[in-house]
Structure formats: C-alpha cells, structure tokens
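Q: Sequence and predicted structure are below.
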Amino acid sequence: MKKLFKSLFAKKTCIAGFNISQPNNLTAADPDKDGITLFDLTLNNDAVLVGLDITEYTVAYFSSEKRAHTNKHAIETPWKYHNNMPKKETIFVRVTSVANPDEYMIASFTLTTAPDIIPQNIYEMVF
C-alpha cells in the first residue's frame, strides 16, 4: 500500500514502458517587473528526451497535471509562452509514444520570472 501511495504522488507520473528525464526549471528576465514574461518551454524537449529517439515520441506542454493526463488543451505555442501566474508557475510536460499513444509520462518544472536578470540576447528583448 505504501508503495502505491508513493507512485501516485510522485513528481513524475508513469503509464509507459519508457522513462523520461527531469526537465529543467526555467528562469527568464522580467524587465518591467510585472511577474509576467516570455518563456521558451521547448528548451526542455532535449532534457526530457535524453536517451530516447525523438522520432518515436511527442512532447507537449500543459498548464495543469489534469490537462496533461487527459492530453487536452496543450499549450499551443510553447516556444513563446507567457506565464499565466505572476512570478512563479508550474508547467507539466507530457512525453507520448508515437507507436502507442496510451503510453506516456508526465513531469513538471517551474517557471520563474526574475526582474534582476538582464536579457542576454535580442530574442529575450523583442518578445
């Protein structure tokens, strides 16, 4: 029973015959200090797919764990995502087997805005 509870409440949820790696928490500059800024969630694609063939899996991002499990309402433009929760938000990544869509894994990571970070490139300043 204890083992069942541990598996139900683990950060990484598994209903698959494969494993994914833990995604990285992301921090982005927040020059106007409103707690909302632009993130590229796809920076975590390589992080979660370590050791997996990218052609055999799909990666999608969700604003809630429930949405990730149901595979409904994925974030449409994960490469230019503005956080919905000021300053800190949890995002869920779902990796699904192309061959068997019933096999998937979910992990979470945190987005944090940082008003003290100076944008490092033009991409961060434009968007």
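A: That came through, no problem. Residues are numbered from 1 along each chain as shown.
Q: Nearest to the spatial middle of the protein, which residue is it?
A: Nearest to the mean C-alpha position of the chain, by CA atoms, centre = their mean, lies residue 93 at 3.9 Å.
Q: my read: that residue touches residue 59, true?
A: Yes. Applying CB atoms under 8 Å, one finds residue 93 in contact with residue 59, separated by 6.4 Å. For the C-beta atoms, the positions are set from N, CA and C on the backbone; glycine is no exception.
Q: what about the chain, any weak spots by pLDDT?
A: Low-confidence regions of the chain, defined here as pLDDT under 70, cover residues 1-16, 117-127.
Q: Run through the strands of it in chain order.
A: Counting by DSSP state E, the chain has strands at residues 13-15, 26-29, 38-39, 57-62, 81-82, 88-97, 104-114.
Q: Can you say which of the ones you listed is nearest to residue 74?
A: Judged by CB to CB, the one of the strands of the chain that comes nearest to residue 74 is strand 57-62, at 4.2 Å.
Q: how distant is the closest one from the center of its chain?
A: Strand 57-62 has its average C-alpha position 8 Å from the chain's average C-alpha position, going by CA atoms, centre = their mean, to the nearest Å.
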